[in-house]
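# Sequence and predicted structure are below.
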Amino acid sequence: MLPLPTSFTPSGALKTKIKCVLFDIYGTLFISGSGDISLSKQNSQAMEDLERLLTRYSIRKAPQTLLKEYYGAIEAEHEALRRQGVDFPEVKIDQIWMSVLQNDDRNTVQQFAVEFELIVNPVYPMPNLRKMLSICQRRGVLMGIISNAQFYTPHLFKWFLHSESEGLGFNRDLIFYSYCFGVAKPSQLLFEMAVEKLKEKRIQPHSVLYLGNDMLNDIYPAKITGFHTALFAGDKRSLRLRTDDSRCKKLKPDLVITNLIQLGHHIR
């Protein structure tokens, strides 16, 4: 997969030395083909792949039926969590699938979930991902992750870059995946947790840069937290400007970059 160019050009500058960079994953570090399969596109390649997947796992449901049950179960869980006071709920997708498939064998269900995800949301590293991470490592910049994610997300680094995230320079204390906490961006919770961990490392918010592709889910909560912000505008399919949202109308990132390698120009 290759990113689709946007009309943006790199811009902005940082006046403060950055001691830590926190990243979003989907659409930022990894190209995301993102797409729920449209329920109307029964003849699409994805629907054909899904039908083969169901056959291989001896699941006697039509793809259309499975998708309705799957997305319905997610929405039902979201609603239950909202009633408990969670502002932006996150599910554990393997638990959703165990319910939909009526299968309590977690290993089998997780394998199915990964294969399903590869059909509906194929991913691939953004150009220069490894180079950018190496630059941050060499310059002594701490790295972390705040991302909407599921159990398979951490494995992307191993699958594509042949290393666990820590081997690539990410600090274990600064990795916040939404599925681990039951809450998703743009909730402030994950960002506030990061602030507390950074304080333990004597790093203040103004020395932190957050990079993401979504003005609402990434730039908005990061800005409120006090982080510097960088919008990744390097892939048309995943760039989310959210101009119709009142929270984003006057919101501007400190940086705009269109290739991950450009981050190195601002990290000294």
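Done, it's in. Quantities reported herein were computed from a predicted structural model and do not represent experimental measurements.
# mind listing the strands in the stretch 51-200 of the chain by residue range?
With DSSP state E, counting those that start in this stretch, the ranges of strands along the stretch 51-200 of the chain come out as 123-125, 142-147, 170-177.
# what about the ones you listed, which gets the closest to D218?
strand 142-147 (8.4 Å; CB to CB). Any C-beta I mention is one placed from the backbone N, CA and C, and that applies to glycine too.
# quick one, that closest one and strand 170-177 angle?
Here strand 142-147 runs at an angle of 20 degrees relative to strand 170-177 (axes from the mean of the first three to the mean of the last three CA atoms, to 10 degrees).
# got the contact list for strand 142-147?
Applying CB atoms under 8 Å, 6 or more residues apart in numbering, the contact partners of strand 142-147 are 19-26, 133, 136-137, 153, 165, 169-171, 173-178, 185, 190-191, 194, 201, 203, 210.
# The residue nearest to E117 when sequence neighbours are not counted and S165: what is the separation?
Counting by CB to CB, 6 or more residues apart in numbering, the nearest residue to E117 once its immediate chain neighbours are dropped is Y152, at 6.3 Å. In this view, Y152 and S165 are 13 Å apart by CB to CB, to the nearest Å.
# Between those two, tell me which one has more neighbours.
Set side by side, Y152 and S165 show more neighbours around S165, with 21 against 18, by other CB atoms under 10 Å.
# residues touching the more buried one, list them.
Counted by CB under 8 Å, 6+ apart, S165 has contacts I145, P154, F157, I175.
# which one of those residues sits closest to K236?
I145 (23.4 Å).
# Burial check on P3, number of neighbours?
19.
# Is it within a helix or a strand, and which one?
Counting by DSSP states H and E, no helix or strand carries P3.
# Look up the closest residue to it, ignoring the ones flanking it.
D235 (3.7 Å).
# Quick check, pLDDT for Q42.
Looking at Q42, its pLDDT is 48.
# Run through the residues that contact the residue nearest to S99 when sequence neighbours are not counted.
Distances taken as CB to CB, 6+ apart place A73 nearest to S99, at 5.7 Å, with adjacent residues excluded. Neighbour list for A73: I96, S99, V100 [criterion: CB under 8 Å, 6+ apart].
# Out of those, the closest to L231 would be?
I96 (30.9 Å).
# so where do the helices sit in the stretch 1-150 of the chain?
45-56, 63-83, 93-101, 106-120, 129-138 (DSSP state H, counting those that start in this stretch).
# before we move on, the earlier item: ramachandran coordinates for the residue nearest to P3?
Per-residue torsions, D235: phi -150, psi 120 (degrees, to the nearest 10).
# how much space between the residue nearest to S99 and D214?
For A73, the distance to D214 - CB to CB - is 25 Å.
# Next: L263.
From L263 to D214 the distance is 17 Å (CB to CB).
# Which residues belonging to stretch 183-200 are considered buried?
183-191, 194-195, 197-198 (16 or more other CB atoms under 10 Å).
# neighbouring contacts of that stretch?
Against stretch 183-200 from outside (CB under 8 Å, 6+ apart): 20, 22, 24, 86-90, 144, 146-148, 173-174, 176, 178, 181, 204-205, 208, 210, 214, 216-218, 220-222, 224-227.
# can we see that at 7 Å?
Applying CB atoms under 7 Å, 6 or more residues apart in numbering, the set of residues contacting stretch 183-200 from outside is 20, 22, 86-90, 144, 146, 148, 173-174, 176, 178, 181, 205, 208, 216-218, 220-222, 224-225.
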